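J.: Pasting the sequence and the predicted model now:
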2 protein chains.
Amino acid sequence: MHLAKEEYLPNISYDSVIFGFSGEKLKILILEYHNIKTFALPGGFVKVNEPLDEAVKRGLSERTGLDEIYLEQFHTFGSMDRFNPSVMRSILAEQGHFLENHWLLGRFITVGYYALINYENVVPMPDELSDSIEWYDFDQVPQLMMDHNEIVQKALDHLRTNLDQKLLSFNLLPERFTMKELKQVYDAILGETQNRANFQRKMLGLNILERHEKLFLGGSHKAPYLYSFKKRN
Amino acid sequence: MHLAKEEYLPNISYDSVIFGFSGEKLKILILEYHNIKTFALPGGFVKVNEPLDEAVKRGLSERTGLDEIYLEQFHTFGSMDRFNPSVMRSILAEQGHFLENHWLLGRFITVGYYALINYENVVPMPDELSDSIEWYDFDQVPQLMMDHNEIVQKALDHLRTNLDQKLLSFNLLPERFTMKELKQVYDAILGETQNRANFQRKMLGLNILERHEKLFLGGSHKAPYLYSFKKRN
C-alpha cells in the first residue's frame, strides 16, 4: 500500500464490513495489527482521480485478497468522536513513520460498505500493514479500533432491514435452494430462529420466489421443493 | 456564507433533497443562481471541527432558512463524472473570486441527505450566494447542475423503498389522521394512485397503525376512522 499524500484525497476514507455465511453462523472479517494489539475493519483511502466505488473494490482486494465481491454502500460516518489520531500514530510508527503532520493523522469522514459472501469460497490474505485477517463469529467480535464496532452494528441493521431485497444481489445461495436453506440464512442474519411455518408463509407472500421440482434424495417421500429467486425486471 | 479554505474539510460536501408535501403533489426545493441560469440542490461544506450531521443542519438553515428538520442520510456520491469545476468557477466569478487554485474548484465527494416536510409550515429564504429558492412540482424539476438530478432520483428511490418505516420519522401527518390522508401521502410519493381497498388492507397488515374513534363531521354516517402510528419500542 503506497500512501503518498499527493496521491489521495485527504479526510475521506472507507471501511468494509464483510459478512460471511456458510450454512450456519454469521461471521465477519477482521484485520489485526499484532504488535499494537489492535483490531480493525479492512478500509482505505480514495485516490485523487479514482471513483469512490472503485477505490473500495481496490482497497478490499489489496487488504484482504478478495476480488469481485458485490459491495453495498450503507452509511457515511462523520462524527468528531471518530477522530482519534493516536491509533493511526501507532500504526504508522510500526511502519517507521513518525511525522506529526502526516495526512493520515487528520480527521476522516468514512464511507461504510458491506458485503455478504459465502466464506467457504474465499481465502482472505492480509496486506503488509496488518498481520492477520480472520473470520470471527459475529457474537465474538473483539473490541475494534475507533468507531468500527458501531460501523459493524449499523451495517448489520441495514442488512437486516433490507434482507428481502438484498439477498438476491449477494448471490449467497445456490441458484436453486430449499426453503430450509433460505431459512438458515435468515436465522443467521437476524440472530434468531424463525418459526418454520410462519417463515415459509412470509417468504411465499413476498412473491420473490419461483417454485421448481422437488429435490429427490433417494427414496424419501418428504422431498423438499426447490426454489429460485424470480428474475427482476 | 464564509468559505475560507482553512475552515473547511476539502473534497467533501453534502447536498440536501428537501421533499415537500401538503395533501396533494410532491414538491422539491431548488435554488437558482439567476445570472448564470443554474439550478441546484441546497448543499454546503463541513467545517474542520464540525460533525457531518451538524454541518448539514447548519447548511440547510443558512441556505434555505429551514430549521429543526429531520434529515435522513441516504447515499454518498463519489464518481469522477461529478467533477466539473466550470460550474463552481462561474458561481465564484459572480462573487468576484477568480482564483484558479480555489479549494472549491477541487473534486468533491458529496453526502446526500433528504427530508420530507409539509411545505405549508415553512417559508424558505435564499442565502447570499443564490438568488431564489422555490418549491418545484416533482414532475417539473428543471435540469440541475452536475449530478444533482441523479441525487434527487436516488433520494426518491430511497424514500419510496422505505416509506413504511420512514413516514413516522418525518412527522408529515397530524397525530391522528384518516386512511384517506395516509393514502394521499403514498399516492404522491409513489407517483401513482393506489387502489383504496388494497391500500387499506396492506397498511393494516403492516401492524404500524393504531385505530381510534371515528372522525365525526356533522351528521355523516360514513365518518372515517382516525389512526395514529403505534409508538415504537
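T.: On my side now, so go ahead. Worth saying up front: this structure is predicted, and the values here are computed from it rather than measured.

J.: Could you use CA atoms for every contact and neighbour count after this?
T.: Noted.

J.: can you confirm A:Trp76 is in a helix?
T.: Residue A:76: Thr, not Trp. No. Counting by DSSP: H, G, I helix; E, B strand; the rest coil, one finds A:Thr76 to be strand, located in no helix.

J.: Could you report the neighbour count for it?
T.: 22 (other CA atoms under 10 Å in any protein chain shown).

J.: pLDDT score assigned to it?
T.: Looking at A:Thr76, its pLDDT reads 98.

J.: Which residue is the nearest non-sequential neighbour of it?
T.: Nearest residue to A:Thr76 in three dimensions, chain neighbours excluded: A:Val111, at 4.2 Å (CA to CA, 6 or more residues apart in numbering or on different chains).

J.: swap in A:Phe83?
T.: Using CA to CA, 6+ apart, the nearest residue to A:Phe83 is A:Arg107, at 5.3 Å.

J.: Could you list the domains of chain A?
T.: Domain ranges of chain A: A:5-165, A:174-229, per automatic domain parsing.

J.: Deepest-packed of those, please.
T.: Most buried of those, by mean neighbour count (mean count of other CA atoms under 10 Å in any protein chain shown): domain A:5-165, with a mean of 18.

J.: mind checking how far it is from the chain centre?
T.: Between the centre of domain A:5-165 and the centre of its chain there are 9 Å (CA atoms, centre = their mean, to the nearest Å).

J.: First-to-last residue distance for that domain?
T.: Length of domain A:5-165, first residue to last, CA to CA, to the nearest Å: 40 Å.

J.: Then stretch A:136-145?
T.: 16 Å.

J.: could you give me the average pLDDT of it?
T.: Here the average pLDDT along stretch A:136-145 is 94.

J.: who touches that stretch?
T.: A:25-30, A:38-41, A:87, A:149 (CA atoms under 8 Å, 6 or more residues apart in numbering or on different chains).

J.: Equivalent analysis for stretch A:222-233, please.
T.: A:168, A:175-179, A:208-217.

J.: go with 10 Å
T.: A:167-168, A:173-182, A:207-217 (CA atoms under 10 Å, 6 or more residues apart in numbering or on different chains).

J.: Which of the contacts of stretch A:136-145 fall within strands?
T.: Of these, the ones assigned to strands by DSSP state E are A:26-30, A:38-40.

J.: between the residues you listed, which is nearest chain B?
T.: A:Ala40 (22.2 Å; CA to the nearest CA).

J.: Next to chain B, which bits of chain A? Give me the list.
T.: Contact residues (CA under 10 Å from any CA of the partner chain) of chain A with chain B: A:9-12, A:46, A:48-55, A:73-83, A:106-109, A:111-112, A:161-162, A:165.

J.: can we see that at 6 Å?
T.: By the rule CA under 6 Å from any CA of the partner chain, the part of chain A lying against chain B is A:51-52, A:78-80.

J.: May I see those residues organised as CSV, with secondary structure added?
T.: Formatted as CSV, the residues of chain A next to chain B follow (three-state DSSP):
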residue, secondary structure
A:Pro51, coil
A:Leu52, helix
A:Gly78, coil
A:Ser79, coil
A:Met80, coil
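
J.: Closest one to B:Ala93 out of those, please.
T.: A:Pro51 (27.9 Å; CA to CA).

J.: Quickly note the distance from that closest one to B:Gly78.
T.: In terms of CA to CA, A:Pro51 sits 6 Å off from B:Gly78.

J.: Quick check: which element contains the residue nearest to A:Thr76?
T.: Here A:Val111 sits within strand A:109-118, counting by DSSP states H and E.

J.: between that strand and strand B:109-118, how many degrees?
T.: Computed by axes from the mean of the first three to the mean of the last three CA atoms, to 10 degrees, the angle separating strand A:109-118 from strand B:109-118 equals 90 degrees.

J.: ok, the very next helix or strand once past strand A:109-118: who's next to it in the sheet?
T.: Later in the chain than strand A:109-118, the nearest helix or strand by DSSP H and E is strand A:132-137. Using DSSP bridges, the strands paired with strand A:132-137 are strand A:26-33 (antiparallel).

J.: which other residues reach the strand it pairs with?
T.: A:18-20, A:38-41, A:130-138, A:188 (CA atoms under 6 Å, 6 or more residues apart in numbering or on different chains).

J.: pLDDT averaged over it, what's the number?
T.: Strand A:26-33 comes out at a mean pLDDT of 93.

J.: show me where chain A has strands.
T.: In chain A, the strands defined using DSSP E lie at A:8-21, A:26-33, A:38-40, A:43-47, A:72-77, A:109-118, A:132-137, A:209-214, A:225-229.

J.: and those, which one's lowest on average pLDDT?
T.: Across the strands of chain A, the lowest-scoring stretch is strand A:209-214, with a mean of 89.

J.: between that strand and strand A:225-229, how many degrees?
T.: 150 degrees.

J.: gap between strand A:209-214 and the chain center?
T.: 30 Å.

J.: Sheet partners, orientation included, of that strand?
T.: strand A:225-229 (antiparallel).

J.: if I look at A:Met145, how far off is B:Asp15?
T.: 29 Å.

J.: Next: A:Asn84.
T.: 27 Å.

J.: Not including adjacent chain positions, what is the nearest residue to A:Ser228?
T.: A:Arg176 (4.8 Å).

J.: Could you check how far that neighbour is from A:Lys202?
T.: 19 Å.

J.: cool, A:Lys231 as well?
T.: Taking CA to CA, one finds A:Lys231 at 19 Å from A:Lys202.

J.: same deal with A:Gly78?
T.: In terms of CA to CA, A:Gly78 sits 37 Å off from A:Lys202.

J.: now A:Val46
T.: Distance from A:Val46 to A:Lys202, by CA to CA: 42 Å.

J.: A:Val17 now?
T.: 28 Å.

J.: Also A:Tyr113?
T.: 28 Å.

J.: And A:Tyr8, by the same measure?
T.: 47 Å.

J.: cool, A:Glu210 as well?
T.: Taking CA to CA, one finds A:Glu210 at 14 Å from A:Lys202.
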